[in-house]
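1. Build me a structure from this.
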Amino acid sequence: MNTPSKSFALAALLLGASLLAACAENHRGYRRYAYNRCADIEDRIDRDSDSIDKIEATGGHRDALRWYREDLIDAKRDLALCRNRS
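-> Residues are numbered from 1 along each chain as shown. As a prediction, the model looks like this:
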């Protein structure tokens with residue numbers, strides 16, 4: 001394999017890997033396109049849970065942790081209300 005084709009293969013591999021990572025990272029995005037009316041609330045629950053995990057792992061700010069926990073409870077309530085609407 002000559003140098004230009006090695007460079008092209010490497011570029012193609014890196015592009016493919018970045019696209020794969022973006023798809024894996026955006027696994028929640030499919031909800032919005034599946035016409036799920038509660039998708040925003042589900043995304044909020046996921047973001048709050050992720051933030052709680054990060055703060056707990058690093059021993060971060062207690063006020064922020066409390067806020068995310070309270071918001072997670074509120075978001076779960078909002079999700080139940082959203083799902084029960086006709």
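2. can you give me the strands for the chain?
-> Using DSSP state E, no strands are assigned anywhere in the chain.
3. Helix or strand with the lowest mean pLDDT in it?
-> Least confident helix or strand, the chain: helix 30-33 with a mean of 50, by mean pLDDT, DSSP states H and E.
4. Read off the pLDDT value for Ala22.
-> On the pLDDT scale, Ala22 is placed at 51.
5. Over to Gly59?
-> 89.
6. mind showing which ranges of this structure have poor pLDDT?
-> Confidence mapping of the chain against pLDDT under 70 gives the ranges 1-35, 86.
7. got the domain boundaries for it?
-> Annotated domains of the chain cover 1-35, 37-86 [automatic domain parsing].
8. distance of Cys82 from Ala75?
-> Using CB to CB, to the nearest Å, Cys82 is found at 10 Å from Ala75. (C-beta placed from N, C-alpha, C; glycine too.)
9. These two: who's more crowded?
-> Each of Cys82 and Ala75 has its neighbours counted (other CB atoms under 10 Å); Ala75 has more, 21 against 15.
10. Do I have it right that the more buried one meets Asp40?
-> No. Taking contacts as CB atoms under 8 Å, Ala75 lies outside contact range of Asp40: 9.7 Å.
11. Phi, psi for Gly60 please.
-> phi -70, psi -160 (degrees, to the nearest 10).
12. my read: it touches Lys54, true?
-> Yes. Counting by CB under 8 Å, Lys54 is a contact partner of Gly60 at 7.1 Å.
13. Do you have the helices of the chain handy? List them.
-> Remark: helices assigned in the chain by DSSP state H are 3-25, 30-33, 39-58, 62-84.
14. Count the neighbours of Ala57 for me.
-> Residues near Ala57, counting by other CB under 10 Å, number 8.
15. cool, the one 4 residues further on as well?
-> The burial metric for His61, expressed as a neighbour count using other CB under 10 Å, is 10.
16. Could you double-check that it sits in contact with Ile52?
-> No. Using CB under 8 Å, His61 and Ile52 do not qualify as a contacting pair, with a distance of 11.9 Å.
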